[in-house]
Each structure stands twice: as structure tokens, then as C-alpha cells.
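> what would the 3D arrangement of this be:
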Amino acid sequence: MKTDRIQLLLRLSMPVTAMLVLTVFSVTAFNQQSGGPHIDEQPCESCHLAGDKTTDKDAALLTTDQKQLCISCHPASIQASHPAGVQPSMTLPDIFPADWKGDLNCSSCHWIHKNKHGAMRTAARGREFCTACHNDQFFERMADGGISLMTSAHLDQGQSFEDLGIDPFTAQCLSCHSDSGEGSGRPVSISDDRIVRHTSGTNHPVSVDYDKASQFGGYRRKQQLPDNMLLPSGLVSCVSCHLGFSQDHGAVVTKMKGSDLCFQCHDL
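Predicted structure coming up:
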């Protein structure tokens with residue numbers, strides 16, 4: 001049974017999840033190239049205003065916002081991830097520099113160039129990494145104690161559940177929230193037909209191609225959906241309805257007033 005295989009893989013993924021805490025920000029999980037050359041093979045003017053005359057003094061002056069430049073090659077990294085291109089609410093440690101605008105951005109945590117491209121600026125991982133900026137109270141207010149945030153700054157760890165037809169965002173959610181998961185969150189189960197069943201009695205399919213489903217009618221166009229209703233690779237996922245990377249972890253993307261959440265997609 002496919003369900004048995006899912007449960008087996010989820011059990012096997014537990015020690016792997018612990019290892020991921022140590023290698024949590026590996027850029028290879030997000031290296032979804034857009035077809036262009038690697039950053040070190042691109043002309044300087046593709047990012048820097050000064051082009052091939054760029055020096056250390058003006059290297060921070062870019063052709064557009066740094067986050068936009070990064071997601072042009074790493075589109076999955078910004079979905080359900082730590083905010084980027086925002087003013088930090090605390091003083092950043094020297095090891096995590098803000099950009100020229102004072103914003104926390106991709107380069108605050110990652111090295112950008114040469115053999116360090118995408119590597120983290122520090123060897124700290126998990127709680128030690130997060131508490132370099134955030135205090136313990138920030139996580140204690142969360143339902144899961146911050147486990148979900150401290151495991152990864154980008155929810156998509158690139159886990160391979162493709163043979164089961166499960167998108168990687170849903171796979172990571174299930175690694176904690178399934179009956180065999182290691183987290184303290186509300187357990188859910190998934191059936192052979194990829195229906196996620198919540199303990200509350202709410203059921204919904206996952207890893208379904210939204211565009212294909214909408215061809216049958218009764219759905220809103222993808223362009224009409226809220227920005228925080230994510231469809232990774234065009235698929236309905238746990239993060240389509242739930243906030244994955246948020247202080248209010250697991251909350252629904254819109255208030256559950258009647259069936260408002262359902263009507264974000266369903267046009268009945």
C-alpha cells in the first residue's frame with residue numbers, strides 16, 4: 001500500500017531531519033537555475049550598476065533589489081521562507097550585515113560569490129543560529145516552540161518524495177505532523193489518493209496541479225489567488241492554505257469566516 005510506504009519513508013526521514021538541522025541552509029536544495037549561467041560566469045552588469053568596474057566600495061549598488069536578483073535563479077527559496085528585503089526589528093550581529101538600504105536580505109545570511117556562493121556566513125545551525133538575532137521569547141510564543149522555523153529558513157528542503165507524488169513542502173510538513181512524525185503539532189494523515197485528513201475532520205487533496213484541476217470549472221484563476229496562497233511548482237500544497245514560515249506557524253492564509261478560505265480558490 002502506498003500509505004505504508006509513506007509512513008515508512010516518514011519514519012526513515014526522522015534521523016535525516018535531525019541531520020538537516022546541521023546542514024539546514026544548503027543552497028543545493030534551492031538551486032533551481034533559470035537556465036542561465038552560474039552567477040560567477042555572468043557579466044558583472046547583470047547585477048552591479050558599475051558593471052565590470054565594480055569595486056568593494058560600490059559592490060552593494062545593484063541593478064534591482066537583491067531579493068529579486070536571487071530569486072531569478074532560486075525561485076523556490078523565497079516561498080515559505082525567512083523574510084528578505086525587510087527592515088530588521090532588532091540590531092543584527094556583525095556576522096549578518098544588512099544591505100546598503102539597511103534591509104535584512106539574502107546576503108545577510110549567505111555569501112554570494114566565488115566558492116562560497118550560497119554558503120552560510122556562520123557555522124551555527126538550528127537554535128544557535130536563530131537566537132543570534134531572535135530571543136528565546138520569540139519562539140516560546142509559537143505553538144510548536146519554534147521547531148519548524150529553527151529546522152530551516154526555507155521550508156523546501158528538497159526531500160525526495162516524488163515517487164509518491166507528494167510535493168516537497170507537504171513532505172516536510174508531514175515529517176512533523178503525520179502520525180509517525182516527530183513534532184508536537186496537530187497530526188494529520190494522508191491517503192493513497194493524496195488526501196490530507198486533519199483530526200478536525202477537514203480533508204483536502206495535496207500535490208494536485210491547480211491549472212489542470214481548474215479546467216473542470218468552478219475555480220478562480222491562479223492570478224486571483226492571494227499572494228500568500230502558495231502553489232509550489234503549480235501544485236496545491238499544505239502551504240497553499242497554511243502559513244508555513246511565520247511566527248503564527250500553521251495559521252490559515254485568510255481568516256476562517258464561514259468558508260472564506262475555501263472560496264479563495266473555489267468559485268461556486
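> show me the strands in the chain, by range?
188-190, 195-198, 203-205, 208-209, 235-236 (DSSP state E).
> end-to-end on stretch 89-99?
15 Å (C-alpha to C-alpha, to the nearest Å).
> returning to that earlier point: closest one to Ala50 among the strands of the chain?
Minimum separation from Ala50 across the strands of the chain (C-beta to C-beta) falls at strand 235-236, 40.6 Å. (Glycine included, C-beta is placed from N, CA and C.)
> and the helices in the chain, which stretches?
For the chain, the helices defined by DSSP state H occupy 2-22, 66-71, 106-109, 126-130, 136-140, 147-151, 168-177, 210-214, 238-241, 260-263.
> who touches Val206 in this structure?
By C-beta atoms under 8 Å, 6 or more residues apart in numbering, the contact list for Val206 reads Ile166, Asp167, Thr170, Ile190, Arg194, Ile195, Val196, Leu235, Val236, Ser237, Cys238.
> number of nearby residues for the nearest residue to the last one once chain neighbours are set aside?
If you skip the residues right next to it in sequence, Cys238 has Cys173 as its closest partner in space, 4.3 Å away by C-beta to C-beta, 6 or more residues apart in numbering. Residue crowding around Cys173 was assessed by other C-beta atoms under 10 Å; the count is 27.
> mind listing what Cys173 touches?
When contacts are counted by C-beta under 8 Å, 6+ apart, Cys173 is found next to Leu155, Cys238, Val239, His242, Gly244.
> most widely separated two among these?
Checking these with C-beta to C-beta, the most distant pair is Leu155 and His242, at 10.6 Å.
> who has more neighbours, these two?
Per other C-beta under 10 Å, whichever of Leu155 and His242 has more neighbours is Leu155, with 24 against 20.
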